[in-house]
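K.L.:
sharing a model that was predicted from the sequence below.
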Amino acid sequence: MRILIYSYNYHPEPIGIAPLMTELAEGLVERGHEVRVITGMPNYPQRQIYEEYRGKWFVTEQQNGVTIQRSYLRIKSKPNLIDRLLLELSFVATSLPQALNGWQPDVILLTVPPLLVSLPATILSWLYHCPVVLNLQDILPEAAVRLGLLKNKFIIRAFEVLEKFAYGRAHTISVIADGFVDNLVNKGVPAQKIVCIPNWVNVNFIRPLSKENNPWKSAYQLDGKFVVMYSGNIALTQGLETVVEAALMLRHLPEIVFVIVGESTALKSLEKYCLSCGVDNVLLLPLQPREKLPEMLAAADVGLIVQKHNVIAFNMPSKIPLLLASGRPIVASVPATGTGGKAVKKSGAGIVVAPESPQALATAVLDLYSDPVKAAALGKKGREYAIERYSFEQAIAQYETLLSEVVASSASVNILPKLTSSKSVVDRGIGV
């Protein structure tokens, strides 16, 4: 197949959807398909265009068999709502010429959010007579409304209309967690249009490593410490103040150290909070190079997942598969009825506690610190579950099958008018 992946984020951006879409694109190439990726100039998570891409409107690159076509973004380091809208509009406007500058695809795989990208994808679908598979990583505008980021009723309504348009125009919608399905069905999306393929982890790359003789751990003077680690995005959905307050409650145990790894700008406000609380057992570190990720995760004795109580139920933290694959026990300070909480419980790899409760978080950490046998057993279960449920090999096979079926189904529908009206022919065509 010739597959066009429309993804706002891509390599070399280190976190979020970028590594996943990079692995997917390169994996599809290894399986014999041609892949073009339409993406923006790399900017995440700093919200600044990477230096080597600044001042350019278009860049086309080749990496591991994938053609990467980048386009200009209008971006601000501290965006307000208008800035965010202009950012999406700039990608919509500049990405379309790039998408038209290349071979005709058999299918378009579109990652959302951002929602506005459904507009150029729909135009391409019309021009190329090819189906669109919508890869839904989050559901907007609900998530933004729940967190109080979006309050203007007119804008909320406009996003709802756009959301309905995107779902309606897509041939198939792939979601990353079961929690998304009920939400979409309640909005009138046919259940047969939805396929659940969880985000994955490369279990050969992220794997259990020894805590001893760990270069990453030694580099930060963590040898002999019980490391409780949070790594990833630091945003309004997390509420990492809970982690700082839990660390304060465990200051009397000098062996326990909390490590928070995130984007440097976001860490500054968290550093101020640490100083105001007077904690000295929290280590704040910038995002690490991807090649250091296995060592970094292996340095942890406990991996943290943190969400606020008002995070919408279907939200699925992307770090869950990573922590499971690393073979370390999880403490999840998340809503128990949400997708993240259910995933941790189902894996059998961790403890789920009430969100925004420093006492509950500290108690769970202390439990695992006091019972290394239990901690090891949870970590082992997590590793087994990651291999069973979240392996890259499983995910790419599912995506390849999905895209193949969509292409075949679309081709059958296109040729039906040319065939006789025989019921058997029609049934076979629709059933592909």
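P.N.:
Looks like it came in fine.
K.L.:
for the rest of this, base every contact and every neighbour count on C-alpha atoms.
P.N.:
Noted.
K.L.:
which element follows the helix or strand in which Phe154 is found toward the C-terminus?
P.N.:
Using DSSP states H and E, Phe154 sits in helix 153-169. Following helix 153-169 in sequence order, the next helix or strand is strand 172-175 (DSSP H and E).
K.L.:
and that next one, how far out from the chain middle?
P.N.:
Centroid separation for strand 172-175 versus its chain: 15 Å, with Cα atoms, centre = their mean, to the nearest Å.
K.L.:
what lies in contact with the helix or strand just after it?
P.N.:
Per DSSP H and E, the first helix or strand lying C-terminal to strand 172-175 is helix 179-186. Helix 179-186 is contacted from outside by Ile139, Val175, Ala191, Ile194, Cys196, Ala313, Phe314, Asn315, Gly338, Thr339, using Cα atoms under 8 Å, 6 or more residues apart in numbering.
K.L.:
tell me the mean pLDDT over the longest helix seen in the chain?
P.N.:
Assignment by DSSP state H gives helix 392-415 as the longest helix of the chain. Averaged across helix 392-415, the pLDDT comes to 88.
K.L.:
circling back: what angle sits between the helix holding Phe154 and helix 179-186?
P.N.:
Relative orientation of helix 153-169 versus helix 179-186 (axes from the mean of the first three to the mean of the last three Cα atoms, to 10 degrees): 100 degrees.
K.L.:
from the rest of the structure, what touches helix 153-169?
P.N.:
Taking Cα under 8 Å, 6+ apart as the rule, helix 153-169 contacts 115-116, 118-119, 122, 132, 134, 140-141, 145, 150, 173, 189.
K.L.:
can you map out the strands along this structure?
P.N.:
2-6, 34-40, 58-63, 66-71, 107-112, 132-136, 172-175, 194-196, 226-231, 256-262, 282-286, 302-306, 330-333, 350-353 (DSSP state E).
K.L.:
got the CA positions of the third one in PDB?
P.N.:
These are the backbone C-alpha positions of strand 58-63, laid out as PDB (Å, rounded to 0.1, in the frame of the first residue of the first chain):
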ATOM      1  CA  PHE A  58       9.000  23.400   3.700                       C
ATOM      2  CA  VAL A  59      11.500  20.600   4.400                       C
ATOM      3  CA  THR A  60      11.500  17.200   2.800                       C
ATOM      4  CA  GLU A  61      13.600  14.400   4.400                       C
ATOM      5  CA  GLN A  62      14.200  10.700   4.100                       C
ATOM      6  CA  GLN A  63      14.600   8.600   7.200                       C
END
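K.L.:
that one: which residues count as buried?
P.N.:
Neighbour-count burial for strand 58-63, with 16 or more other Cα atoms under 10 Å as criterion, is recorded at Phe58.
K.L.:
what strands flank it, and is each parallel or antiparallel?
P.N.:
Here strand 58-63 is paired, per DSSP bridges, with strand 66-71 (antiparallel).
K.L.:
in the helix holding Phe154, which residues are buried?
P.N.:
Going by neighbour count (16+ other Cα under 10 Å), the buried part of helix 153-169 is Ile156, Phe159, Glu160, Leu162, Glu163, Ala166, Tyr167, Arg169.
K.L.:
what's the mean pLDDT across that helix?
P.N.:
Computed over helix 153-169, the average pLDDT equals 88.
K.L.:
CA atoms only: put that helix into PDB for me.
P.N.:
What follows is helix 153-169, C-alpha atoms only, in PDB (Å, rounded to 0.1, in the frame of the first residue of the first chain):
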ATOM      1  CA  LYS A 153     -19.600  28.700  24.300                       C
ATOM      2  CA  PHE A 154     -19.300  29.700  20.700                       C
ATOM      3  CA  ILE A 155     -15.800  28.200  20.300                       C
ATOM      4  CA  ILE A 156     -17.000  25.000  22.100                       C
ATOM      5  CA  ARG A 157     -19.900  24.700  19.700                       C
ATOM      6  CA  ALA A 158     -17.600  25.300  16.700                       C
ATOM      7  CA  PHE A 159     -15.300  22.500  17.900                       C
ATOM      8  CA  GLU A 160     -18.300  20.200  18.400                       C
ATOM      9  CA  VAL A 161     -19.400  20.800  14.800                       C
ATOM     10  CA  LEU A 162     -15.800  20.100  13.600                       C
ATOM     11  CA  GLU A 163     -15.700  17.000  15.800                       C
ATOM     12  CA  LYS A 164     -18.900  15.700  14.200                       C
ATOM     13  CA  PHE A 165     -17.500  16.500  10.700                       C
ATOM     14  CA  ALA A 166     -14.300  14.600  11.400                       C
ATOM     15  CA  TYR A 167     -16.100  11.500  12.600                       C
ATOM     16  CA  GLY A 168     -18.500  11.600   9.800                       C
ATOM     17  CA  ARG A 169     -16.000  11.900   7.000                       C
END
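K.L.:
how big is the angle separating that helix from strand 132-136?
P.N.:
130 degrees.
K.L.:
now the angle from helix 153-169 to strand 107-112?
P.N.:
Going by the same axes, to 10 degrees, helix 153-169 is angled at 160 degrees with respect to strand 107-112.
K.L.:
report the distance from helix 153-169 to the chain centre.
P.N.:
Its chain's C-alpha centre and that of helix 153-169 lie 22 Å apart, by Cα atoms, centre = their mean.
K.L.:
with stretch 86-103 instead?
P.N.:
The answer for stretch 86-103 is 22 Å, by Cα atoms, centre = their mean.
K.L.:
residues in contact with that stretch?
P.N.:
Contacts of stretch 86-103 (Cα under 8 Å, 6+ apart): 8, 38-40, 57-58, 69-75, 114, 116-117, 119-120, 124.
K.L.:
identify each buried residue in that stretch, please.
P.N.:
Buried, per 16+ other Cα under 10 Å, within stretch 86-103: 86-96, 98-99.
K.L.:
that one - what's its average pLDDT?
P.N.:
In this model, stretch 86-103 carries a mean pLDDT of 93.
K.L.:
then stretch 115-123?
P.N.:
Across stretch 115-123, pLDDT averages out at 92.
K.L.:
now swap in stretch 305-325 and tell me
P.N.:
Mean pLDDT, computed over stretch 305-325, is 84.
K.L.:
buried sites along that stretch?
P.N.:
Applying a neighbour-count criterion of 16+ other Cα under 10 Å, one finds 305-309, 311-325 buried in stretch 305-325.
K.L.:
contact partners of stretch 368-377?
P.N.:
Phe226, Val302, Arg328, Pro329, Ala349.
K.L.:
who wins for most neighbours among those?
P.N.:
Counting neighbours by other Cα atoms under 10 Å, Arg328 leads these with 31 neighbours.
K.L.:
got any ranges where the chain has weak pLDDT?
P.N.:
Filtered on pLDDT under 70, the chain yields the residue ranges 143, 147-149, 235-238, 312-314, 412-432.
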